[in-house]
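Asks: Sequence below, structure please.
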Amino acid sequence: MKNKVLIIGFLALILGCNRFGNKDQKTHLKERIISASKQYTEIIYALGADSCLVAVDLSSTYPPEVKELPTIGYHMKLSFEGMMSVKPTLLLHKGGHYSIGPEHVLDQLEKLKVPMKTFENKATDIPSTKKLMQEMGSFFDKPKQADSLCKKLEGDLQKALKNHQAYVDTPKVVVMHFGRAMNVYLAIGRESVAGQMIDWAGGEIPIEKKGMERITSAEVIAKANPDVILLTSFGYDRLGSEEKILDLPGVALTNAAKNGRIYRVEAHDLIYYGPRTGENVLKLQALIHRKSQINEN
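Replies: Predicted coordinates:
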């Protein structure tokens, strides 16, 4: 009975909304938007358009104030009841098979004709990331803010690339991430956002793989033998101690473990491109390089 009341209330809301079914109209402050994309969420806050947000998915962890919003489950395991409870007028998601789910929740949303939107630019590199920020700036009526974000991103990257030229070392860096959808630890391959960022920072991911690889044996990490291991936040905190981190397959055998160079990093700093990508590359440089490995000339 409770679900029926929520659905009836939601239908009344969206039927009275002028945006229903219109993907091109600009947003306005009366919108009640759910973001099921961590990348979209960060950009919305960076644009100063967050007053429209009423809920986010669990992967949306930046900026810190996003934690004040209700969550509607992980983007691949969305809660239908959770979404209906915040009475949204629009659901934003990235599109594609692995961006939103499960299927039965999508079926319920489609039956109710819940307005959904995916932005055209997929932000798979820096040029398309700037285009996405400009596209979202236009949608949220924040074009000047979007231009400022693009300029900062470009400026930070140029500074990082200039720094890169001063390093005399190329540390091998392994990034380990806990996949919450699969409940496993993963090693991020070279052909990834993290791989590109580490390359810009003057390091190298030694795992020649696109995307991520499950860490099911010691061979993957031990063979890579990284100088630095970066363990993303949720997985690091889940283990809770250095001893348990060293128990992960292959980790204790690496130079990184022997030299005490295993660091906690925020997942939202490495997993997708966004307005802080250049800034995060600068942070990586400070983390993976030692001062003695900088050419002072």
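Asks: after the one helix or strand Cys150 maps to, next one along is what?
Replies: Secondary structure from DSSP states H and E places Cys150 in helix 143-164. Of the helices and strands lying after helix 143-164 in sequence (DSSP H and E), the nearest is strand 173-179.
Asks: in this protein, which spans are helices?
Replies: Along the chain, counting by DSSP state H, helices occupy 2-15, 38-47, 80-85, 103-111, 126-139, 143-164, 193-201, 219-224, 233-239, 242-246, 255-258, 277-288.
Asks: Next, the buried residues of the third one.
Replies: To tie it back to what came earlier, the one meant is helix 80-85. 80, 82-85 (16 or more other Cβ atoms under 10 Å). Yep, even glycine has a C-beta here, placed from its N, CA and C like the rest.
Asks: Would you mind putting the residues you listed into TSV with pLDDT and distance to Ile72 alongside?
Replies: Shown next, in TSV, are the buried residues of helix 80-85 (pLDDT from 0 to 100; distance: Cβ to Cβ, whole Å):
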residue	pLDDT	distance to Ile72
Phe80	87	9
Gly82	88	4
Met83	86	5
Met84	87	9
Ser85	92	9
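Asks: residues contacting the closest residue to Cys150 other than its chain neighbours?
Replies: What sits nearest to Cys150 in space, not counting adjacent residues and going by Cβ to Cβ, 6 or more residues apart in numbering, is Lys130, at 4.5 Å. Contact analysis of Lys130 by Cβ atoms under 8 Å, 6 or more residues apart in numbering lists 150, 153-154.
Asks: Narrow the residues you listed to those that are buried.
Replies: 150, 153.
Asks: Closest one of the contacts of Lys130 to Cys52?
Replies: Minimum distance to Cys52 across those is 21.2 Å, recorded for Cys150 (Cβ to Cβ).
Asks: Make sure that closest one is actually in contact with Glu135.
Replies: No - taking Cβ atoms under 8 Å as the definition, Cys150 is not a contact partner of Glu135, at 11.4 Å.
Asks: pLDDT below threshold where in this protein?
Replies: 1-29, 97-98, 291-297 (pLDDT under 70).
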